[in-house]
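Chemist: Pasting the sequence and the predicted model now:
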Amino acid sequence: MQSGQSMVEFIIIAPLLLFVCFGTLQFVLLYQAKSTLDVAVLEAAREGAVNHGSMQAMRSGLARGLAPIYARQASAEGVANALAKAQADANNFSVIKVLNPTPAAISDYARPRYYPDEAATYTEIPNDSLMYRDSSISSGASSRMNIQDANILKIHVHYCYDMYVPLVNKVIYYAANVIGPIGTGGILTREPARPDLDPYGFPKNGDTLCKVQLVDGIKTGRWPIALDSEAIVRMQSPLRESALNDSPNPTGN
């Protein structure tokens, strides 16, 4: 009789215990992803610093930093596949925003400069001999910053990380986006009511970039969540206004 009671208690508690274990695993993976993103964003900022603030270069640096998240095989082929997946997500599911220099700082300090080797002229913020340049803000009337501060690159990255621990990934996605109303079968087997009106499930806190149609989420197992990070570095090359727009950010779904 005692063993039968224990078995019933175990059957009742086992699903909850399994869910807690899965949840712990997913949050550990989220912590790992956030740590990797922090390093990747710094890598992106460094690429921008030596490539005139090129958005394309920053996106490539971000992809290289994110590659460990996608690594599944310890081989040259595995590294190549991880980098390719990271590059695709960096292009399609990440937004890189330049917080500094601001448009006002670019307006204050950017000057046209001719490069004979390329036979081209670029509008850029001077980067040479900064220690000898005027550090007052008299030249930065609009931005209220000096040229040294205008040569600091600060970026913010908004990245969609795909959670892949079964069951928990969907629960976290629904909770983070405040999906509802939930269908009669709950979030495990059914979609929210009236998917014909909103295939995203009526999210009250939905993220424009990191969202997925619920039917596609069930089919692919892709349930993304937004992660954000920032990095600051000093420019090692003149920042060019045109380079900031050489790789447009994705607009989301």
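Modeler: The structure has been received and is ready for your questions. Numbering: from 1, shown residues only.

Chemist: count of neighbours near Ala226?
Modeler: Residues contacting Ala226 under the criterion other Cβ atoms under 10 Å number 17. Backbone N, C-alpha and C define where each C-beta goes, glycine included.

Chemist: Ile225: what's it in contact with?
Modeler: Contacts for Ile225 (Cβ atoms under 8 Å, 6 or more residues apart in numbering) come out as Leu30, Cys160, Tyr161, Met163, Ile172, Tyr173, Ala176, Cys210.

Chemist: Give me the phi and psi angles of the closest residue to Gly217 other than its chain neighbours.
Modeler: Spatial nearest neighbour of Gly217, excluding adjacent residues (Cβ to Cβ, 6 or more residues apart in numbering): Trp223 at 5.4 Å. Main-chain dihedrals, Trp223, degrees, to the nearest 10: phi -130, psi 100.

Chemist: Any idea what Trp223 is bridged to?
Modeler: With DSSP bridges applied, Trp223 shows beta-bridge pairing to Met163.

Chemist: Looking at the contacts of Ile225, spot the one nearest Leu66.
Modeler: Each of the contacts of Ile225 was scored against Leu66 by Cβ to Cβ, and Tyr161 proved nearest at 9.2 Å.

Chemist: centroid residue for the protein?
Modeler: Residue closest to the mean C-alpha point of the chain, counted by Cα atoms, centre = their mean, is Tyr159 at 1.6 Å.

Chemist: Please identify which of the contacts of Ile225 is nearest to Ala57.
Modeler: Once Cβ to Cβ is applied, the member of the contacts of Ile225 that ends up nearest Ala57 is Cys160, at 21.1 Å.

Chemist: who's in contact with the closest one?
Modeler: Asp89, Phe93, Ser94, Asp207, Leu209, Cys210, Pro224, Ile225, Ala226, Leu227.

Chemist: Provide the secondary structure category for it.
Modeler: strand (DSSP: H, G, I helix; E, B strand; the rest coil).

Chemist: All the helices of the protein, in order from the start?
Modeler: 2-50, 55-70, 76-92, 103-109, 147-150, 168-177, 186-189, 214-220 (DSSP state H).

Chemist: Report pLDDT for Gln73.
Modeler: Gln73 is assigned a pLDDT of 85 by the prediction.

Chemist: leaving aside the residues next to it on the chain, what's closest to it?
Modeler: In space, Gln73 is closest to Asn81, 7.3 Å off (Cβ to Cβ, 6+ apart).

Chemist: Counting neighbours, what do you get for that neighbour?
Modeler: For Asn81, using other Cβ under 10 Å, the count is 16.

Chemist: wouldn't it be in contact with Arg72 here?
Modeler: Yes - with contact defined as Cβ atoms under 8 Å, Asn81 counts as touching Arg72 (7.3 Å).

Chemist: Lowest mean pLDDT among the helices and strands, pick that one out for this structure.
Modeler: helix 186-189 (a mean of 63; mean pLDDT, DSSP states H and E).

Chemist: low pLDDT regions in the stretch 51-200 of the chain?
Modeler: 137-140, 181-191, 193-195 (pLDDT under 70).

Chemist: cutoff 80 now
Modeler: Applying pLDDT under 80 to the stretch 51-200 of the chain picks out residues 134-141, 180-197.

Chemist: which of the contacts of Cys160 tops the neighbour count?
Modeler: Busiest of the contacts of Cys160 [other Cβ under 10 Å] is Ser94, holding 26 neighbours.

Chemist: Please tell me how far that one sits from Lys154.
Modeler: Ser94 sits 17 Å away from Lys154, taking Cβ to Cβ, to the nearest Å as the criterion.
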